[in-house]
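> Requesting a structural model of the entry that follows:
(chains A, B, C and D)
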There are 2 protein chains.
Amino acid sequence: MSAESTDHRKRPRRRGEALVNAILEATIEELAEHGYAALTMEGVAERARASKASLYRRWTSRSTLVMDAVYHLLPHPSDIPDTGELRGDLLLLLRRTARTLSGPAGEALRGLLGEALPYPEHAAEIRSRSQGMGRQMMAEVTRRAVARGEIPAEAVAGARLDVGQALLRNHFLFRLEPIPDSLVVEIVDTVLVPLFHTPPYEPSGPGGAPEQEREPVRAPEPWWDREPEPGQDREWERSRER
Amino acid sequence: MSAESTDHRKRPRRRGEALVNAILEATIEELAEHGYAALTMEGVAERARASKASLYRRWTSRSTLVMDAVYHLLPHPSDIPDTGELRGDLLLLLRRTARTLSGPAGEALRGLLGEALPYPEHAAEIRSRSQGMGRQMMAEVTRRAVARGEIPAEAVAGARLDVGQALLRNHFLFRLEPIPDSLVVEIVDTVLVPLFHTPPYEPSGPGGAPEQEREPVRAPEPWWDREPEPGQDREWERSRER
DNA sequence: CATTTTAGGAAACTCGGCGTTCTCTAACGA
DNA sequence: TCGTTAGAGAACGCCGAGTTTCCTAAAATG
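Below you'll find the model as predicted:
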């Protein structure tokens, strides 16, 4: 029984919520540092100065732990911005999503999808947590725009509500870089705003489809204009906070 | 198969391409059966009746093997459908993507994303292979529509080319079910066709239809020059070590 | 056809993480 | 104060990644 030099089990022991928080925090850090695929339970335990047994006492698997950890840092969908005009709301909404994706939550998202087949119930959870939220906020924002008379009610059709989030996720998942703000502006100006000002196409519709008199949609601001115009409003490039 | 394991080393031995094909085929099957996360090199080797050494002689890791296997069953982007009208082309294009995603390629896509952080170079590969292809085909189809006079050239703006694929991937990644054809039709009719037609804004709102200044949307850069992504050398697929 | 060269098969091996279980003890509660 | 709960830490068996060794089948060469 040769007592090792640092054999002391004298550390102040955390229990309950304090321990849980430490573990979740460590999980987020490991996630941000190594990504999902390289995240190990042992790594989390060591970083949190906890034992693996403590982890398994609460979470049955890596994926449940990660989901739980990520859930605690997602923005709550309750507060939906209201700038008084559709474009401003959309910009705020997408910027928020972009910021969330650029953090550890995005890293988790990447990896959790890969385990969808073995654990279908997890996939359902991811979907309800991340996707439902985005569509809900889009629905609210467009509803307001319709109420304001800014856009026609028919323009708010099912799949359209997903377009913005889908484009952001698409960029994020397939590129490692964080989402540049210029992409957000581009999505809003070249896709979302025109789309929500336009009623959907009806294949059996009257008048023949592409035959309408084409009045150009309103072209908001230049979306990626590099021209050195001095009067350019680049306000949104600075409004990274929020 | 017929050879008993006690009968050592009497099986007819495959070499070169025959062996490679057997391994890739086995990889696809394992992928479809267990998903990416549960795919093991040992499992692939056993199913292909090959040795792990034979795998590692050609592929340095699980992810490179999977990427190579998937690459061989992706539809070649060269043959792009031409139905004579934009809507028909879009339907064919998206249906093809939907079919691809519903197979083992989709399963691989899910899992490979989770390894993006540890292996950034893999992420670049996935991007150039799956995303670049989709955008390329979209670009071709819309180019034809413009040439036909079906849609205005200004309607073909950067981010719009990704909308269709992004929506499909979005659905696929967050729901386990295969993509229903109704979704494809919905995307085409409520999102893509209106978007590429940039149809007129109908001031149907009572009292104060928005009367903004209409500058036509201008095409920024030739879209076919965007995102060629310099890493086109497919060096790794010929990873002949030794 | 005989011999050399190349490359695949099987199995053993190391290494590291998973998930479990054990002992010991700090923290808590009555 | 004393029992109860729960966390720390270590050890364990297991499995798959990736490597290596030995042997031999298949191709290349004459």
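> mind listing what residue A:65 touches?
Residue A:65 sits next to A:23, A:27, A:41, A:44, A:55, A:58-59 when contact means C-beta atoms under 8 Å, 6 or more residues apart in numbering or on different chains. Heads up, the C-betas are built off the backbone N, CA and C, glycines and all.
> Buried ones only from the residues you listed, please, as a ChimeraX command.
Buried members of the contacts of residue A:65 can be picked out in ChimeraX with the line below, counting by 16 or more other C-beta atoms under 10 Å in any protein chain shown:
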select /A:23,27,41,44,55,59
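> what's the closest of the contacts of residue A:65 to residue B:137?
Residue B:137 lies nearest to residue A:27 out of these, by C-beta to C-beta, at 39.9 Å.
> what's near enough to touch that closest one?
A:39, A:44, A:48, A:65-66, A:69.
> Can you tell me how far it is from chain B?
Per C-beta to the nearest C-beta, to the nearest Å, residue A:27 is found 15 Å from chain B.
> Likewise for residue A:70?
In terms of C-beta to the nearest C-beta, residue A:70 sits 14 Å off from chain B.
> helix/strand/coil for that residue?
Under the three-state scheme (DSSP: H, G, I helix; E, B strand; the rest coil), residue A:70 adopts helix.
> again with residue A:83
Assigned by three-state DSSP, the conformation of residue A:83 is coil.
> likewise residue A:60?
Under three-state DSSP, the three-state class of residue A:60 is coil.
> Quick check: the spatially most central residue of chain A vs residue A:129, distance?
Against the mean C-alpha coordinate of chain A, by C-alpha atoms, centre = their mean, the closest residue is residue A:97 at 3.9 Å. Residue A:97 is 13 Å from residue A:129, where distance means C-beta to C-beta, to the nearest Å.
> Check which helix or strand the residue nearest to the centre of chain A maps to.
Using DSSP states H and E, residue A:97 sits within helix A:86-102.
> helix or strand right after the helix ranked longest in chain A?
What stands out as the longest helix in chain A, according to DSSP state H, is helix A:16-34. Counting by DSSP H and E, the element after helix A:16-34 in chain order, helix or strand, is helix A:41-47.
> Is that following helix positioned near DNA strand C?
Yes - contact between helix A:41-47 and DNA strand C, assessed by C-beta under 7 Å from any atom of the strand, occurs at A:41-43.
> same for chain B: which of these are within range?
When C-beta under 8 Å from any C-beta of the partner chain is applied, no member of those is adjacent to chain B.
> from those, which is closest to residue A:121?
Nearest to residue A:121 among the residues of helix A:41-47 next to DNA strand C, with distances taken as C-beta to C-beta, is residue A:41, at 19.8 Å.
> Which parts of the longest helix of chain A count as buried, going by neighbours?
Buried residues in helix A:16-34, counting neighbours by 16+ other C-beta under 10 Å, are found at A:19-20, A:22-32.
> again with stretch A:152-169
A:152, A:155-157, A:159-169.
> Surely residue A:183 is in contact with residue A:171?
Yes - judged on C-beta atoms under 8 Å, residue A:183 makes contact with residue A:171 at a distance of 6.1 Å.
> between these two, who's got more neighbours?
residue A:171 (23 against 20; other C-beta atoms under 10 Å in any protein chain shown).
> got a pLDDT number for the more buried one?
pLDDT, residue A:171: 90.
> On the three-state scheme, it is what?
Once three-state DSSP is applied, residue A:171 turns out helix.
> Spatially nearest residue to residue A:97 (excluding sequence neighbours)?
Nearest residue to residue A:97, sequence neighbours excluded (C-beta to C-beta, 6 or more residues apart in numbering or on different chains): residue A:168, at 5.4 Å.
> Now do the contacts for that neighbour.
Residues in contact with residue A:168 (C-beta under 8 Å, 6+ apart) are A:94, A:97-98, A:101, A:179, A:183-184, A:187.
> Residue A:115 and DNA strand D, how far apart?
15 Å (C-beta to the nearest atom of the strand, to the nearest Å).
> Tell me where chain A has helices.
A:16-34, A:41-47, A:52-58, A:62-71, A:86-102, A:104-114, A:120-126, A:132-147, A:160-174, A:181-186, A:193-196, A:235-238.
> Reformat these as TSV; add distance to residue B:109.
Shown next, in TSV, are these (distance: least, C-beta to C-beta, whole Å):
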stretch	distance to residue B:109
helix A:16-34	21
helix A:41-47	26
helix A:52-58	30
helix A:62-71	18
helix A:86-102	18
helix A:104-114	9
helix A:120-126	14
helix A:132-147	21
helix A:160-174	9
helix A:181-186	21
helix A:193-196	26
helix A:235-238	32
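> Which one of those helices lies nearest to residue B:137?
Using C-beta to C-beta, those put helix A:160-174 closest to residue B:137, at 15.5 Å.
> just the angle between the closest one and helix B:163-174, please?
Helix A:160-174 runs at 80 degrees relative to helix B:163-174, counting by axes from the mean of the first three to the mean of the last three C-alpha atoms, to 10 degrees.
> any low-confidence regions in chain A?
Low-confidence segments of chain A, defined by pLDDT under 70: A:1-11, A:77-78, A:117-118, A:131-132, A:202-242.
> can you do 80?
A:1-12, A:74-79, A:114-133, A:176, A:201-242 (pLDDT under 80).
> on that earlier part again, the residue nearest to the centre of chain A reaches residue A:166, doesn't it?
No - judged on C-beta under 8 Å, residue A:97 makes no contact with residue A:166 at a distance of 10.6 Å.
> Flag every buried residue along stretch A:57-69.
A:59, A:62-63, A:65-67, A:69.
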